[in-house]
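Chemist: this is a predicted model, with the sequence first.
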Amino acid sequence: MYKRTLGLSLYVSLLIICTPSKAAIDIIFDYSYDTNNYFTDEMKYVMDQAAFAFESRMANETLGSLIPSDYNSSAVGILMIDNPTTGADLNVTFGSTTSEGNLVGKEDEIIIFAGAKAVGSSYLSYSRVEYNYNDLVNGDPYWDYMENRDYGYNDPAVFGGSLSINSDLNWYADTNLTSHSDALTSGKYDFYSTAVHELGHILGFNYWTFASWDLVDVNETVFNTSSVRSEYSGNDVPMVVDSMSLHFGDLNSSLINCDCHPAMSDINSTNTRTPFSDIDFAILQDLGYSISGTPISNIGGTYQDPTLGGSYYVPVKQSYSSWLAANASAAPEPHYIFPMLGGLIACFAGRKKYINLINRFFN
């Protein structure tokens with residue numbers, strides 16, 4: 001395992017391919033950089049329901065502000081991501097307001113910048129997170145908060161990010177998540193499954209925060225924390241670490257309590273649906289999230305794994321028609337996949353913190 005030093009080198013990892021009850025955490029997709037207007041209303045609806053899969057299980061969770069002025073600090077905190085449409089480096093200051101009116105770094109909110117890029121058949125999607133809170137000294141309240149959050153001591157180590165979809169692929173954006181047979185016969189990649197997978201990485205299923213290092217054994221071969229072990233019949237859970245990305249490894253299906261395929265495995269293909277399962281949520285619980293056993297509300301019901309027979313919750317916040325009435329665009333808006341190519345190295349020194357996560361699903 002890498003030593004926890006201030007001069008730690010981190011890797012960029014590639015991965016193949018009505019008002020409902022309100023959750024405490026609000027995951028917000030911001031389309032300010034979707035300059036090609038790729039995301040249709042159907043896709044935005046599916047993204048919001050994917051977010052609700054997490055929000056609905058985190059009703060008792062809270063997150064502190066990432067804005068330095070909220071700590072009476074003169075520091076500048078920066079979310080460092082990719083422009084999800086062009087791939088260019090993008091720095092977004094915590095405390096700034098996006099062109100869609102979202103305040104970046106607000107307490108109890110997670111901002112994810114979404115866009116799409118044409119990359120052939122290279123990968124399905126990728127997500128990236130970096131943050132920088134340089135030029136601080138020990139004792140600055142903002143420094144203290146961010147350092148502790150990275151370890152998961154005060155709040156879960158989540159900072160926001162960017163998510164890019166491969167616009168060259170055929171996607172199935174299912175606007176009726178109360179049924180699932182259509183997703184298994186569409187001949188396309190399931191947009192919902194890809195969205196929850198990338199959200200899983202951004203929320204912590206990665207190897208770039210200090211908190212995530214405590215999930216694995218010293219040989220980096222298994223998850224060995226209590227919640228995920230309990231979902232695997234009390235056993236250590238095989239895992240794969242590729243640079244700074246985590247996925248479940250080759251699991252024995254007879255040991256998986258939920259009898260389901262995890263969303264955070266390294267397998268994805270057309271005609272499949274993999275919602276976020278109990279064994280996936282167990283990792284987030286071991287990272288310090290407060291996870292409830294059932295969603296706070298769920299008009300979506302459950303999905304039965306077609307091969308293993310177990311059930312997943314597929315929480316739906318609102319029907320597509322209700323969502324459309326409240327959110328549809330009146331006019332076009334301006335605006336850990338499978339291992340393949342290895343990793344790039346991102347370094348930080350002193351108190352400058354760079355955290356990088358890229359997850360790509362390959363066809």
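Modeler: Everything's here; your move. These numbers were taken from a predicted model, which means no experiment stands behind them. Numbers count the residues shown, from 1 in each chain.
Chemist: hey, let's count contacts and neighbours off CA atoms from now on
Modeler: OK.
Chemist: any chance you could map the strands in the stretch 151-300 of the chain?
Modeler: 161-166, 171-172, 189-190, 222-223, 237-242, 245-248 (DSSP state E, counting those that start in this stretch).
Chemist: between these, which one is nearest to residue 207?
Modeler: With C-alpha to C-alpha, the closest approach to residue 207 among the strands of the stretch 151-300 of the chain belongs to strand 245-248: 5.4 Å.
Chemist: average pLDDT for the biggest helix by length in the chain?
Modeler: Of all segments of type helix in the chain, defined using DSSP state H, the longest is helix 41-55. The average of the pLDDT scores along helix 41-55 is 97.
Chemist: got the contact list for it?
Modeler: For helix 41-55, the surrounding residues in contact (C-alpha atoms under 8 Å, 6 or more residues apart in numbering) are 23-29, 173-175, 191-192, 195-196, 199, 276, 295, 314-317, 320, 323-324, 328-329.
Chemist: change it to 6 Å
Modeler: 23, 25, 27, 173, 192, 196, 315-316 (C-alpha atoms under 6 Å, 6 or more residues apart in numbering).
Chemist: coming back round to it: quick one: which of the strands of the stretch 151-300 of the chain is nearest residue 301?
Modeler: Taking C-alpha to C-alpha, strand 189-190 is the member of these nearest to residue 301, at 18.1 Å.
Chemist: that closest one pairs with which strands, parallel or anti?
Modeler: Strand 189-190 has its sheet partners listed here by DSSP bridges as strand 171-172 (parallel).
Chemist: same list, the strands of the stretch 151-300 of the chain, but as CSV with distance to residue 56 and mean neighbour count please.
Modeler: Output for the strands of the stretch 151-300 of the chain, formatted as CSV (distance: least, C-alpha to C-alpha, whole Å; neighbours: other C-alpha atoms under 10 Å):
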stretch, distance to residue 56, mean neighbour count
strand 161-166, 20, 27
strand 171-172, 23, 20
strand 189-190, 21, 23
strand 222-223, 25, 22
strand 237-242, 26, 20
strand 245-248, 23, 26
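Chemist: out of the ones you listed, which is closest to residue 106?
Modeler: strand 161-166 (13.8 Å).
Chemist: related to what we said a few turns ago, show me the contacts of helix 41-55 that map onto helices.
Modeler: 192, 196.
Chemist: which of the contacts of helix 41-55 lies closest to residue 139?
Modeler: residue 25 (28.2 Å).
Chemist: filter the contacts of helix 41-55 to the buried ones?
Modeler: Buried members of those, counted by 16 or more other C-alpha atoms under 10 Å: 23, 25, 27, 173, 192, 196, 315-316.
Chemist: can you say which helix or strand has residue 303 in it?
Modeler: Assigned by DSSP states H and E, residue 303 belongs to strand 302-304.
Chemist: against which helices or strands is that strand packed?
Modeler: strand 311-313 (3 or more C-alpha pairs under 6 Å, 6 or more residues apart in numbering; DSSP states H and E).
Chemist: now do the following helix or strand past the strand it packs on: everything it contacts.
Modeler: Using DSSP H and E, the helix or strand that follows strand 311-313 towards the C-terminus is helix 320-327. Helix 320-327 has contacts (C-alpha under 6 Å, 6+ apart) with residue 175.
Chemist: mind listing what's buried along helix 320-327?
Modeler: Buried positions in helix 320-327, judged by neighbour count with 16+ other C-alpha under 10 Å: 320, 323.
Chemist: could I have it exported to CSV, CA atoms only?
Modeler: What follows is helix 320-327, C-alpha atoms only, in CSV (Å, rounded to 0.1, in the frame of the first residue of the first chain):
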residue,chain,number,x,y,z
TYR,A,320,-41.0,11.1,-16.2
SER,A,321,-44.2,13.0,-16.9
SER,A,322,-43.9,14.7,-13.5
TRP,A,323,-40.3,15.4,-14.0
LEU,A,324,-40.9,16.8,-17.5
ALA,A,325,-43.5,19.2,-16.2
ALA,A,326,-41.0,20.6,-13.7
ASN,A,327,-37.7,20.4,-15.6
